[in-house]
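Chemist: Let's see this in three dimensions:
(one chain, ligands or ions: 1)
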Amino acid sequence: MTSTQDWDPRRYADHGRFVPELGQPVVELLAPRRGERILDLGCGDGALTEKLVAPGCVVVGVDGSAAQVEVARRRGLDARVVDAHALPFAAEFDAVFSNAALHWMPRQDAVHAGVWRALRPGGRFVAEMGGDGNIATIVAALERALRRRSVDPRTAVPWTFPKPGEYRALLEGQGFVVRSMEYFPRPTRLPGDLMGWLETFAGSFAAAVPEGERAAMLREVCDELRPKLCSSDGVWIADYVRLRFWVEKPGTRSGG
Ligand code: BEZ
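Modeler: Model (predicted):
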């Protein structure tokens, strides 16, 4: 994640609660089993991490945001502030899980290398992230708003939304065996309005303009997108696209 994205746990609870709720199919793909040791990569406030603990797994959650980790710890979770590009674990997890976090990590090769190291032979990496075209309508409007202010949008986009073929090649390059990879649109109803979503997730775009212009810029984006993404009864639907995968680190599990 970029340094200009601040995670405000209260705002996230209001405008990002759907993120762990919609993560349930990824938990089902993981199929956590009692006694397994699982790393939740980008655990945020721990709402989904709890779902991995429930079946009796031993779960470590890591996240780059100290504020979110604090909330996760208050839930009683083992949550730690860790840079996902430098995971400090060695052959100690049966599985690495990640929901809606990988696209915040600019150096996927460093992340994959750390996941590989963290897994035991035979371990699995099950995750979902934004795929190519994710929130394209919103990104395009944000980019236009920056260009109108003579700001190069490339410096502000914090996300990586890969094509499935490219991502498969990256994972295979690390040595993983791909068991499944799905790529599909998932239009997503926002719990509030687009402004709430932008204030929660688009901090790096706002930070690219002087403070006094930020609110007006975000209002401009909302006004532009209302006819495209908001229904007549005020429901905002964002054009999410998902990349969901299950890969394995080859090898045979030894005991313990
Ligand atoms: C996502 O889950 O795809 C996402 C959420 C917030 C910002 C960007 C992408």
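
Chemist: Contact residues of the stretch 51-200 of the chain facing the ligand?
Modeler: 100, 103, 130, 134-135, 159 (Cβ under 6 Å from any ligand atom). C-betas here are computed from N, CA, C, even on glycine.

Chemist: now these as a markdown table including neighbour count, secondary structure and pLDDT?
Modeler: Shown next, in a markdown table, are those (neighbours: other Cβ atoms under 10 Å; DSSP: H, G, I helix; E, B strand; the rest coil; pLDDT from 0 to 100):
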| residue | neighbour count | secondary structure | pLDDT |
| --- | --- | --- | --- |
| 100 | 22 | coil | 96 |
| 103 | 22 | helix | 98 |
| 130 | 21 | strand | 98 |
| 134 | 22 | coil | 98 |
| 135 | 22 | coil | 98 |
| 159 | 20 | coil | 97 |
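
Chemist: quick check, nearest of those residues to residue 109?
Modeler: For these, the closest approach to residue 109 (Cβ to Cβ) belongs to residue 103, at 14.7 Å.

Chemist: For the closest one, give me its contacts.
Modeler: Residue 103 sits next to 129-130, 134, 159-161 when contact means Cβ atoms under 8 Å, 6 or more residues apart in numbering.

Chemist: 6 Å instead, please
Modeler: For residue 103, the contacting residues are 129-130, 159-161, by Cβ atoms under 6 Å, 6 or more residues apart in numbering.

Chemist: Test my guess that residue 95 contacts residue 122.
Modeler: No. If you go by Cβ atoms under 6 Å, residue 95 and residue 122 don't touch, sitting 10.2 Å apart.

Chemist: Looking at the two, which is more packed in?
Modeler: residue 95 (25 against 13; other Cβ atoms under 10 Å).

Chemist: in what helix or strand does that one lie?
Modeler: Per DSSP states H and E, residue 95 falls inside strand 93-99.

Chemist: Put the alpha carbons of that strand into PDB.
Modeler: C-alpha atoms of strand 93-99 as PDB (Å, rounded to 0.1, in the frame of the first residue of the first chain):
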ATOM      1  CA  PHE A  93       2.300 -22.100   7.800                       C
ATOM      2  CA  ASP A  94       0.000 -24.700   6.200                       C
ATOM      3  CA  ALA A  95      -1.700 -22.000   4.300                       C
ATOM      4  CA  VAL A  96      -1.500 -18.300   3.400                       C
ATOM      5  CA  PHE A  97      -4.800 -16.500   2.900                       C
ATOM      6  CA  SER A  98      -5.500 -13.100   1.600                       C
ATOM      7  CA  ASN A  99      -8.700 -11.200   0.700                       C
END
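
Chemist: Figure out how far that strand is from the centre of its chain.
Modeler: Centre-to-centre, strand 93-99 and its host chain are 13 Å apart (Cα atoms, centre = their mean, to the nearest Å).

Chemist: Over to stretch 225-240?
Modeler: In terms of Cα atoms, centre = their mean, the centre of stretch 225-240 is found 22 Å from the chain centre.

Chemist: I'd like the residues of the stretch 51-200 of the chain next to the ligand written out as a markdown table, with distance to residue 174 added.
Modeler: Compiled in a markdown table, those are given as follows (distance: Cβ to Cβ, whole Å):
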| residue | distance to residue 174 |
| --- | --- |
| 100 | 21 |
| 103 | 18 |
| 130 | 20 |
| 134 | 22 |
| 135 | 26 |
| 159 | 21 |
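
Chemist: and which of the residues you listed is nearest to residue 5?
Modeler: Among those, and counting by Cβ to Cβ, the member closest to residue 5 is residue 159, at 9.8 Å.
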